[in-house]
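Asks: Got a predicted structure plus its sequence, pasted below:
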Amino acid sequence: MSHSVQIKSLDLQFGAVKVLKNLNLDIHEGEFLVLLGSSGCGKSTLLNCIAGLLEPTDGQIWIKGKNVTWAEPSERGIGMVFQSYALYPQMTVKGNLSFGLKNAKVPKAEIDKRVARAAEVLQIEALLDRKPGALSGGQRQRVAIGRALVRDVDVFLFDEPLSNLDAKLRADLRVELKRLHNQLENTMIYVTHDQVEAMTLADRIAIMKGGNIMQLGTPDEIYNRPQNIYVADFIGSPSMNFIEGQYSNGVFSKGELSLPMTGYEYVAPKTADRGATIGIRPEHVITGELVSGAPVKVEVDVDIVEPMGSDTLVWAHLAGKPFRIRMDGSARVSAKERLTIGIDPSRASLFDTKTENRL
Amino acid sequence: MSHSVQIKSLDLQFGAVKVLKNLNLDIHEGEFLVLLGSSGCGKSTLLNCIAGLLEPTDGQIWIKGKNVTWAEPSERGIGMVFQSYALYPQMTVKGNLSFGLKNAKVPKAEIDKRVARAAEVLQIEALLDRKPGALSGGQRQRVAIGRALVRDVDVFLFDEPLSNLDAKLRADLRVELKRLHNQLENTMIYVTHDQVEAMTLADRIAIMKGGNIMQLGTPDEIYNRPQNIYVADFIGSPSMNFIEGQYSNGVFSKGELSLPMTGYEYVAPKTADRGATIGIRPEHVITGELVSGAPVKVEVDVDIVEPMGSDTLVWAHLAGKPFRIRMDGSARVSAKERLTIGIDPSRASLFDTKTENRL
Amino acid sequence: MTDAMSGPRGAKPKKALSRNNIIVYGTLFVVAIYYALPLYVMIVTSLKGMPEIRMGNIFAPPMEVTFQPWVKAWAEACTGINCDGLSRGFWNSVRILIPSVVISISVASVTGYVLSMWKFKGSEVFFSMLMIGAFIPYQVMLYPIVILLREAGLYGSLSGLVLVHLAFGMPINTLLFRNYFASIPEELFKAARVDGAGFWAIFVKIVMPMSLPIFVVSMIIQVTGIWNDFLFGVTYISSPDRYPMTVQLNNIVNSVQGVKEYNVNMAATLLTGLVPLVIYFASGKLFVRGIAAGAVKG
Amino acid sequence: TDLEVMHWWTSGGEANAVSKFADAWNATGNVWVDGAIAGGGDTARPIMVSRIIGGDPPAAFQFNHGRQAEELVEAGLILDITDVSEAEGWADIITPSSLLDSCTYDGRVFCVPVNIHSWQWMWLSNAAYENAGLDVPTTWTEFAASADALREAGVVPLAMGGQSWQQNGAFGVMALALAGQEAWLAVNQDKNAEVVMGPEYTRVFEAFGAARSLSDGLNVQDWNQATAAVIDDTAGAQIMGDWAQGEFALAGEVAGTDYSCLPGLGEVALLDTGGDAFFFPVTGDPEIEAAQKELAALLLSPAVQVSFNSAKGSLPVRPDVDLTTVNECTQKGLDLLASGAMVPAGTQLLAPDTVTQLNDLMTEFWSTPSMTPAEVQQQYADIIADAE
Amino acid sequence: MAIADTGSTDRQLAAGARRPNRLFKNLNSKIAAIPMIFVAMVVFLGGTCWTIFYSFTKSGLLPNTNFVGLDQYERLWSSRKWMVSIENLGIYGFFSLIGTLVIGFTLAALLDRKIRGEGAFRTIFLYPFALSFIVTGLVWQWILNPELGLQNVVREWGWTSFTFDPLNNPDIVMFGLLIAGLWQGTGLIMCIMLAGLRGIDEDIWKAARVDGIGTVKTYVRIIIPMMRPVFVTSLVLIGSGIVKLYDLVVAQTSGGPGISSEVPAKYVMTAMFGGQNLGQGFAASTMMLLMVGIILIPWAYLEFGGKKRG
Ligand SMILES: Nc1ncnc2c1ncn2[C@@H]1O[C@H](COP(=O)(O)OP(=O)(O)OP(=O)(O)O)[C@@H](O)[C@H]1O
Ligand SMILES: Nc1ncnc2c1ncn2[C@@H]1O[C@H](COP(=O)(O)OP(=O)(O)OP(=O)(O)O)[C@@H](O)[C@H]1O
Ligand SMILES: [Mg+2]
Ligand SMILES: [Mg+2]
């Protein structure tokens, strides 16, 4: 697989504030990479660096094997879609799509052809003569993508393109984006802080925190094998339950609770005894009829029950700490009840309490 | 159970546009009622009418057994929490809390006592001297609630109080609101277009559409026994799968698909043959090992697979229509595959295609 | 990896004076000179003696700095037979300025408040008429207003003048306030109503404290307009010992006594302009902020 | 009693003159409250009129007498001072009697003429001519002939301010001087437009057109700046009313040695007798009314007339005063008055509206070199034909 | 749970059952609007009607009701001075509008480019707005005075043939006024433009850069069209200033040389107070209002009328 975008020891400071710190990232040709992280972690900054809208303090950016660190944004072969779409409000959709091309002195016939093609791909043929003000959010987003599409770029950059939309539309457009990626097979770099988007869209996800990449991996790796507590906590909703305790000899213990880690895949083949934190996802807690077959069984006190239709979220206590459990929507549990649950250590995550890294 | 708020054939027009149409609603004492509906359906308008911030064109509003249709907002015994919180930016938290009391000429000592008590309930004692600008979103929301609390109102009105917050905070505050309601036992009317909020918070939900109430019921009723297609489609994410076909003699059929509705509870004891639409929730589709025990088994073609960590959403085709299936996160399905699924008619919903009402 | 890192890296090296920067700063400096020149000329001239002025170069700095023109402008310049310069008018101007500014801002802000938050049937019609009024030349209104004021028994009094300033400042100030208030979230207004605050309480306790920038803008516009006003002050105030400073300035500047005493004229001009200038220089950023909110929206 | 007096006399000589009134009034134990408005009549008049119709008038105000105040009198806003006039016997002492006539409406007296101003003067710089090696001209014809030589010596032959009333005024002077009394009265008094088109006036327009080029090179607005150019010898001559003498006097120049004067441009020795007058608005306050009448009488008292008019450079309205210190030019004026070589002033004959129109026309002509005398003559005739 | 011990007593709920009288609804706001209504109706509308009414009379120094039909208008339109005034206002208006907008916008755009010393520049550009037109006219009259000002100084520097004397040249005197007018008025417009520029989504700039559009082109094709409301506000301000142009002319040229810098407002003043012909002045003012109306009404229609449908 060839490299599409390579970021080499990138540094970026605003005044005295270091926003990106010696950041390295290789993105494959045709990959859908999602940059995920909480607000202010530097996602947009990194994307703007790649686009050439911000100048790095140090380091290099390569696109398609060329060093573009100092190139102009329009010369990099990138297209960008913004959170607010940044459509030119006084131009029609067609004007929006063709403006960049006209500027690059592309012949008229060629422009028309490309606009028509993009409009077809995005199914906005009927909208070409409207102004952005007369479009719905989803249509606007498609036009914004179209603007990059017509320019026939190698890399698409998206900065939270869905976060202004309502939940239903977001779900639809997600699917559409995925379809588009399958069809176009361009490299796409996508910034979001919504994990559902990240999980569903990404080939690989880069979790960022404070200008660094915490983990880079497939959605499955990120979800099931988080490299550190930050990632583990960040991914998943409701978020993972953590219990700080002690690890020794293949057994995690905290107070009365004792969990033999049978079936757990250690990162290092052998893990020494130390302070450890175990993380268990609410949806990996075994309940109902299946408890009987669970490797470990524990009893918890139920505090609050939140029925959510398809699921029920149960707030309980385990080893003195709040413990969330996701159950089926049809499960009937009530507050103050005592509940027996099962835990499967092979689906749990174990971290070193000090370094916060996965064991 | 006594009535807290009664809305009697309420009409409201803006110019020529009828926004509320002969709307009737009874809210019980101490109930947590959620008004749910898509954008522009009139939720805020109804809430503003109850608060006295908009004047109805016709109809009456009764609160605690008194006709308050024309009373001033401050005389209705209501408190209101807004989407943007609408805290007075130039006043301290304390100032915000006491403003209404000062307007009502409550003696100073009494004001201090009430503010202190509300601050205690909401755990914002430490913030009393700060200005809203120096508070986090969650703290602001608590202050906004406090403003209603000190005034010792009978009814709390909430207009999308959480929609400005990020997902994590939203989940936390939801729990807190629930706790507060349990503690205060006031009537609360809560507007949202987020169904998760509605499902978790409500004692009863009123689903609105175009100025009318489509269904009023407990979350369980709304989710499991939607009265019409609109409600069925609106509730649930990903939304319900609908298949239009024919009902006759206890069997739903569409092309090759034939579903005997065994175990289905009809609304009318006996349902005549007619054009019908069946609705099946993606999460009620039976997959994996359980398929073998399912009442009805069907084969579908998989189109796209969206892994979402805890779950996997599968886009398939059934009877020529797209069909969504929610599977466990650990399920391994791939596109283009053929999948056997099970359907349980007792958990499906059947609607008259013409009237769109539940059969 | 070492050879991979060869080639351009880090920020693009910038020439300290790139072509763009030269153009930007060059233009700004040239334009700034055009704007600053008159002030400079006023100041240097006001510090020169008449012989030096007659020698020619108005841009040359004074060879011999003299404050005599300032003294003369302030205390000695003659109008008719009164030779007490501008000093007589200064306090009059202040006395006219303060009530006029305070009252016209109060009224305009309340009007803007009505137009943005308490609209009633027809309020927009009156507002449109007000805006068209902004285009009426003052001169046209001179006599009708005299008659109006006479009928109201206010002619010649300070309250009459305040009313005149109120009327002519109203269109632009109301527009600014209305637009600014329209940017205050409606929910705040609703919250206050639920809290039992009425029309005035909302205005005084909620709206006003949030609107400092627009009050500053309005104040600056009114102070400038009222302070610089000559026609209304002299026409509607009927006693010469209450004439504003601008009348004295006009008298000094237009009473040609032999050769024009440019230095005294400039000093007088500067002295008269001092109040608005100081307010301008002091308010700086707030002005832009207020303008931003008051002029751009709406 | 405090009396507020409004006027637009703010130049050096004028202000000096006003102070004579003020001193005299203050000496009677009353107080002169000075309401000077600079910028000329156009600035001051709306203010005065506003105050009068606004119901809060000054106690007295300056107007050019003649037709400017007609309407105020008709509207009953001006105090009738016929009793003062009769008591003081103004009808007998005021010379020429036309001055009192222009204060008289329907037989009642409403204003006090305080001075006689005549436009009919040309002022010449002796030094400028001497330096150029020329004799000081004694007629307009001589002046026009010597202009080129003067120009060569680097002197602007004719100083003219940029304001329209100066240009129109100068034209009036030339018309009377070059077309003669008969034609001038036919135009100004009888509004006979045919005369404007006649041969006498054609000559005037041509001369005026020639004069236009004589003022090139001096760009000043105010009349006294033009006078200043004559005083410092950068200009040869100025056509301006006798008030210009106040500026010469203030500059310490002596008539006959430093400057010369030609009444009637040295062609037709006639003076027009315009002047300033004071009006007294009706206040309804008897105390003020008494004081107003007292002031009216005072303004015409011999001593005040002397001190005021010597400072102003104008002639007193009563011949029975002794101007001991008159200079050569003033003496010429007095002699002409005494001989009765007088015509009424243009402002007494023409309505302000007409004067404004003529001002506009003449100033346009003056500053538009491409406009020919024939064109302006035609337009002049049109305006006179419309005048009432 | 109760926060208050003293029960919330009776809240006068009885009043709530009756629909209040329409007229008294919003009573406070109606009271507060009285000044506006008064100014709009009595001062502006009343004054305008009064003026129009008397423009059909032969009012001289004082208004009278001696009707003369359209005589005043005939006279007005046959007057050279009025025609020159209109023409001058046209020239001044056109160049002042264009000039103010272009300069104001250019300066704002330059200041918006994150430059050093923005505050200082802004203050320099804005301060002339604090000065009255009397002062502005005087200073510029002086700087443009050929014997004392710019021309003289440049000649002293050695360029002896340099001529810049607009105030004494009837052909370009309006531009002499324009120099002063722009100096005084552009600062405020710059401020408004700057505020408008600051309000534009930064993403638009980024999008344009990614599209490879040059800075100038981005301003012209994208940013300026987006600033429509700002331009509307500016137009109102500039336009109302142009119509009222009077003080500056009086202070700087008094309408000279000749009548070459006369403007309508000055025509009105001279007719009313110099010529003591109020009727003529009123007729001229009425024509001015009419012209304003002709410009304003289509604009108002577009601005307000269009919105309701859109
Ligand atoms: N122009 C700037 N000057 C100074 N600091 C800046 C600037 N732009 C961004 N920052 C800072 O850099 C950090 C990273 O900003 P960035 O916009 O990349 O965050 P983000 O991850 O995109 O967040 P969000 O999800 O809120 O968009 C933030 O702390 C921000 O305050
Ligand atoms: N002041 C108004 N004038 C005219 N129409 C209005 C006004 N306010 C609201 N509407 C219309 O009334 C309808 C209902 O508005 P409302 O604000 O109640 O919707 P909502 O359900 O609260 O929507 P959202 O979820 O977006 O807040 C909308 O179609 C809206 O366009
Ligand atoms: Mg970002
Ligand atoms: Mg709403």
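Replies: Received, thanks. Ligands and ions are numbered 1, 2, ... in the order given.

Asks: Show me which residues of the stretch 51-200 of chain E sit near chain D.
Replies: The interface of the stretch 51-200 of chain E toward chain D, taken as CB under 8 Å from any CB of the partner chain, is made up of E:60-62, E:64, E:79-81, E:84, E:145-147, E:165, E:167-168, E:170. Any C-beta I mention is one placed from the backbone N, CA and C, and that applies to glycine too.

Asks: again, 6 Å this time
Replies: E:60-62, E:81, E:168, E:170 (CB under 6 Å from any CB of the partner chain).

Asks: From those, which land in helices?
Replies: residue E:81 (DSSP state H).

Asks: Identify the farthest-apart pair in the residues of the stretch 51-200 of chain E next to chain D.
Replies: E:62 and E:168 (37.8 Å; CB to CB).

Asks: So the closest residue to residue A:133 other than its chain neighbours versus residue C:64, what's the distance?
Replies: The shortest distance from residue A:133 to any non-neighbouring residue, by CB to CB, 6 or more residues apart in numbering or on different chains, is to residue A:89 (6.1 Å). Distance of residue A:89 to residue C:64, given as CB to CB, to the nearest Å: 61 Å.

Asks: More neighbours: these two, which one.
Replies: A count of neighbours by other CB atoms under 10 Å in any protein chain shown puts residue A:89 above the other of residue A:89 and residue C:64, at 15 against 9.

Asks: On the three-state scheme, that one is what?
Replies: coil (DSSP: H, G, I helix; E, B strand; the rest coil).

Asks: Quick check: the closest residue in space to residue A:320 that isn't next to it in sequence vs chain E, distance?
Replies: With sequence-adjacent residues excluded and distances taken as CB to CB, 6+ apart, residue A:320 is closest to residue A:255, at 7.0 Å. Per CB to the nearest CB, to the nearest Å, residue A:255 is found 35 Å from chain E.

Asks: Does residue A:255 touch residue A:318 like I think?
Replies: No. Using CB atoms under 6 Å, residue A:255 is not in contact with residue A:318, being 9.8 Å away.

Asks: Any stretches of the chain with poor pLDDT?
Replies: Using chain A here. A:1, A:166-168 (pLDDT under 70).

Asks: look at chain C instead
Replies: In chain C, residues with pLDDT under 70: C:1-6, C:10-17, C:56, C:78-81, C:255-260, C:284, C:292-298.

Asks: Helix or strand for the most centrally placed residue in it, just tell me which one.
Replies: Nearest to the geometric centre of chain C sits residue C:224, at 2.5 Å (CA atoms, centre = their mean). Assessed by DSSP states H and E, residue C:224 sits inside helix C:212-228.

Asks: List every C-alpha atom in the helix or strand following that helix, with coordinates, as CSV.
Replies: The helix or strand immediately downstream of helix C:212-228 is helix C:231-236, counting by DSSP H and E. C-alpha atoms of helix C:231-236 as CSV (Å, rounded to 0.1, in the frame of the first residue of the first chain):
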residue,chain,number,x,y,z
LEU,C,231,-27.1,76.1,13.9
PHE,C,232,-29.5,74.6,16.5
GLY,C,233,-27.6,76.0,19.4
VAL,C,234,-27.6,79.5,18.1
THR,C,235,-31.1,79.4,16.7
TYR,C,236,-33.0,77.8,19.6
